[in-house]
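1. Coordinates only, no sequence provided:
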């Protein structure tokens, strides 16, 4: 192909813009409009006959359009119809009896506001541990029982099973000694698995033996501090057993493949299931020892539902009375806790047995301080305060069950009964843990009085104040009592010598202080914490509690001007000496600032404090810091930078950005944000001056530009640098800083050769060609309005960029170079126009500087001719069979460029366009639909004024089918 001189067509952008505008049509608001909201009226259904034929009406704002969602409202959607057809029972209105029964069930059921046992389980296992050696009796399982024949009498069968139960008590056991806590827990888990295996292999008697054996372990208090955890582990096995028995009997009730409803009556249970259920209760009644007999019967308490309606209500008082036979008060209180737990699961409405259990416990409360218990504690070297804490999980649970939806009268009665007992700190603590926070808060002064009367030697008072504080964090006490409550509590807390005890209490009461008092009281509390935690670096063992205090303070004091005026807040932060914890606290503070700070600030107190906090976060970054962590820290610091504004004091604002740059130089996203902020500052200055800079503002804007020019090279990401050079150059140009703009654009041009072939995007390596093409297209758009430098020659930036593109090593299978040249052709065509399509205010572009000078146009045409020859040469190289498809696509792409920007009245250019059209179709790779639409476009254009030559062109462009 021969070289073709380029002839750009002259454009009248104003008239073209008018032609391209959408036709305005007056809108009649009475007509239907797709964005107009649809109004759906309530559908009315009227029953016409027994078959239930209905008549429904639905209206919308458009009678012609039916809203598909409105059909749901009248119940005519397919799923509703299907459900109604499948379950005619549910469509019938409930009877009065059914409704009353349902309401009764709902009122008696335990709701989601009741904290379940499962949520306490993990805490108990973690808290009550031991380093002592433990022992356990394992069932060795000699199956002496013979398989009975079909003709065996029932009595023989029962006798055999009773003998098997006796076998357990006659020594078929092995005692394992010197187990660690973990070994013990593993053995218990093995027993649990053995229970399931025995049950699944239909060895019901063996399963019962395992449960009895496990229950016996609950009478052993040789390692007393481990007892609460042992109770949790053993009752897990009991729960499994109770569930297996219940499901077994329930499965026997299935009649004609129809299972029993949830609220079945004993009358609907068949005789076989009832007999099996009775058999289980008889087996359990034959257990000789009290504790296993009690626990196993309690585990299957729910099975009473199969026998009689009143079975559970009759069993609960009997089981409650059985516990009176347990001599050890610790074992007894956990037995009561288990009974209350089972009772709440199967019959939460039977509150009387719950109350009875608690009152029985109060009657035996003095046993705790009796000689038997004291002697046992001496043998095990356990102190009374530690021993009393073992009771807490059980008493807390009993009181939680009692307090659930209980009237205030009952709670007051409970409280009064506790008052009458001596040494009642343990009970008092459980009352405060279990009762509703509102109930406790309303009587705060009464509880403080009771706490004062408690004996310090038994249950520590600081734990009582901690429990009270936890309640006051959830509910507010009477307003008149608030200060007195704080004073009374803090008198006790501040006297604590043990730093761990002190911080556990202080952490709770800080929230109360922040909720109800001013910064003065908060400052006093923080000062006291610093005073207690600084000696011997006690704060190093209390970082979680100190973090919690900071979290509570910033939750309630989110006005940062007020927060940083709290004198002891920053000294409090200084206690976080461990870097990882310190950074977490700083992140927490910055998140709160970004979340709550609505308006920008210039308060020097806030700025200095937050700069210090951000600096702490920044300085934690090292070579091992993860990218996600860096990104999070940078986002927090950027959020702070965006919130800083000195109003019209632009010089102060720039000084702040300069200081921030020196402080946060290791986080690239922060430097990028600072460059954008400084560019925004320059544009804000331009807006204030309305583009007419004074000497002072011109100097200031140049200082902003210099900031950016100095900062950009320190960035590592090459495309970030390219885009920022371009963006900053545009800002400099808008502010009439022409030499500075040239410097930015030259820097961008000189950086292009350094673009690597592959770049990392979201952790994956991608080719950089597409990103470079996008950047260069943006760059070309800017170069249109950049005036030539008087000393550099015509189009020096465009020439420099073309040289760089020419020398850049492109991938062999990439056509991006040609696409870039085509875009250069768009730029050069726009430069030949008398008036450019856009301008920068108060900056004379080349259309004004050269005024359509022939030498200038000749230079452009010469450049254009070079570019066209480069494009055509590349098209020639694509003539091989494997690259014909790329050749077809590029030929059509170049054809469209000529169509849009070339003057097709020139015969040589016209002929070139025809050749390109034919080349695109030559080997059958052109998309027929695209070619047809392009030809239709040319025919439409030919009807416009001064476009008649398009008619001849259309006649010379044949359409070829692929065949």
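-> Looks like it arrived, so ask away. Here the structure is a predicted model, which is why all the values come from computation and not from measurement. Residues are numbered from 1 along each chain as shown.
2. only C-alpha atoms for contact and neighbour calcs from this point on.
-> OK.
3. helices or strands up against the helix or strand hosting residue 298?
-> Assigned by DSSP states H and E, residue 298 falls within helix 290-299. The contact analysis (3 or more CA pairs under 8 Å, 6 or more residues apart in numbering; DSSP states H and E) places helix 290-299 against helix 204-216, helix 227-252, helix 271-285, helix 311-322, helix 329-346.
4. Looking at the ones you listed, spot the one closest to residue 380.
-> Taking CA to CA, helix 227-252 is the member of those nearest to residue 380, at 13.0 Å.
5. tell me what that closest one is packed against?
-> Where contact means 3+ CA pairs under 8 Å, 6+ apart, helix 227-252 is packed against helix 117-127, helix 181-200, helix 204-216, helix 271-285, helix 290-299.
6. ok and it relative to helix 204-216, angle-wise?
-> Orientation of helix 227-252 against helix 204-216 (axes from the mean of the first three to the mean of the last three CA atoms, to 10 degrees) gives an angle of 160 degrees.
7. What are the buried residues along helix 227-252?
-> Within helix 227-252, the residues that count as buried by 16 or more other CA atoms under 10 Å are 227-238, 240-242, 244-246, 249-250, 252.
8. repeat for stretch 894-912
-> The neighbour-count check on stretch 894-912 (16+ other CA under 10 Å) flags 894-899, 901-904, 909-910, 912 as buried.
9. Need the residues that contact that stretch.
-> 4-10, 822, 826, 829, 913, 916-917, 949-950, 953 (CA atoms under 8 Å, 6 or more residues apart in numbering).
10. Repeat that for stretch 538-555.
-> With contacts defined as CA under 8 Å, 6+ apart, stretch 538-555 is touched by 499-500, 503-504, 507, 510-511, 514, 533, 563, 575-578, 581, 585, 588-589, 592.
11. Buried members of these into ChimeraX, please.
-> Buried members of the contacts of stretch 538-555, defined by 16+ other CA under 10 Å, are picked up in ChimeraX with:
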select :499,500,503,504,507,510,511,514,533,563,575,576,585,588,589,592
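12. Sitting in helices, which of the contacts of stretch 538-555 do you find?
-> Using DSSP state H, the members of these that fall in helices are 499-500, 503-504, 507, 510-511, 514, 533, 563, 581, 585, 588-589, 592.
13. Please identify the helix or strand for the closest residue to residue 586 other than its chain neighbours.
-> Leaving aside its sequence neighbours, residue 586 sits nearest to residue 613 (CA to CA, 6 or more residues apart in numbering; 5.7 Å). Using DSSP H and E, residue 613 sits in helix 604-619.
14. Determine the set of other helices and strands touching that helix.
-> For helix 604-619, the elements it packs on are helix 560-564, helix 579-596, helix 627-642, judged by 3+ CA pairs under 8 Å, 6+ apart.
15. any residues touching the first one, and which ones?
-> Meaning helix 560-564. Taking contacts as CA under 8 Å, 6+ apart, the residues outside helix 560-564 that touch it are 519, 554, 557, 569, 570, 593, 597, 603, 605, 606, 609.
16. Same check on the last one?
-> Defining contact as CA under 8 Å, 6+ apart, one finds that helix 627-642 is touched by 587, 590-591, 593-594, 600, 610, 614, 617-618, 621, 667, 669-670, 673-674, 677.
17. Can you say which of these are buried?
-> Buried members of the contacts of helix 627-642, counted by 16+ other CA under 10 Å: 587, 590-591, 593-594, 610, 614, 617-618, 667, 669-670, 673-674, 677.
18. Report the two of the residues you listed separated the most.
-> Maximum distance among the buried ones among the contacts of helix 627-642 (CA to CA): 22.4 Å, for 587 and 677.
19. Show me the shaky parts of the protein.
-> Within the chain, the segments meeting pLDDT under 70 span 1-3, 25-110, 137-178, 255-258, 422-423, 456-458, 961-963.
20. still on that earlier bit, so the helix holding residue 613 versus helix 627-642, what angle?
-> 160 degrees.
21. quick one: buried residues of helix 604-619?
-> Quick answer for helix 604-619 (16+ other CA under 10 Å): 606, 607, 610, 611, 613, 614, 615, 616, 617, 618.
22. Relative to residue 571, how far out is the third one?
-> Separation of residue 610 from residue 571 (CA to CA, to the nearest Å) stands at 14 Å.
23. How many residues are close by residue 858?
-> 12 (other CA atoms under 10 Å).
24. Please apply the same query to residue 837.
-> Residues near residue 837, counting by other CA under 10 Å: 14.
25. is it true that it lies in a strand?
-> No - looking at residue 837 with DSSP: H, G, I helix; E, B strand; the rest coil, it is coil, so not inside a strand.
26. Ignoring the adjacent residues along the chain, who's closest to it?
-> Distances taken as CA to CA, 6+ apart place residue 13 nearest to residue 837, at 6.4 Å, with adjacent residues excluded.
27. In three-state terms, label residue 760 for me.
-> strand.
28. quick one: it from residue 543, how far?
-> Look at residue 760 and residue 543: by CA to CA, they are 39 Å apart.
29. again, but for residue 812
-> For residue 812, the distance to residue 543 - CA to CA - is 60 Å.
30. okay, the two: which has more neighbours?
-> Each of residue 812 and residue 543 has its neighbours counted (other CA under 10 Å); residue 543 has more, 18 against 6.
31. Got phi/psi on that one?
-> Backbone torsions of residue 543, given as degrees, to the nearest 10, read phi -60, psi -40.
32. go on, residue 938?
-> Main-chain torsions, residue 938, degrees, to the nearest 10: phi -60, psi -40.
33. again with residue 693
-> Note on residue 693: backbone dihedrals following degrees, to the nearest 10 are phi -70, psi 140.
34. Looks like it contacts residue 683 (just checking).
-> No - using CA atoms under 8 Å, residue 693 is not in contact with residue 683, being 11.4 Å away.
35. can you give me phi and psi for residue 134?
-> Per degrees, to the nearest 10, the backbone of residue 134 is at phi -120, psi 160.
36. sorry, that was for residue 664
-> Residue 664 adopts backbone torsions of phi -120, psi 40, taken as degrees, to the nearest 10.
37. How about residue 362?
-> With angles defined as degrees, to the nearest 10, residue 362 sits at phi -60, psi -40.
38. how close does it sit to residue 224?
-> In terms of CA to CA, residue 362 sits 21 Å off from residue 224.
39. Between those two, tell me which one has more neighbours.
-> residue 224 (19 against 15).
40. those strands in the stretch 651-800 of the chain, which residues are they?
-> Assigned strands in the stretch 651-800 of the chain, in chain order: 758-761, 764-767 (criterion: DSSP state E, counting those that start in this stretch).
41. Now mean neighbour count too, for the ones you listed, in TSV please.
-> Below are the strands of the stretch 651-800 of the chain laid out as TSV (neighbours: other CA atoms under 10 Å):
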stretch	mean neighbour count
strand 758-761	13
strand 764-767	12
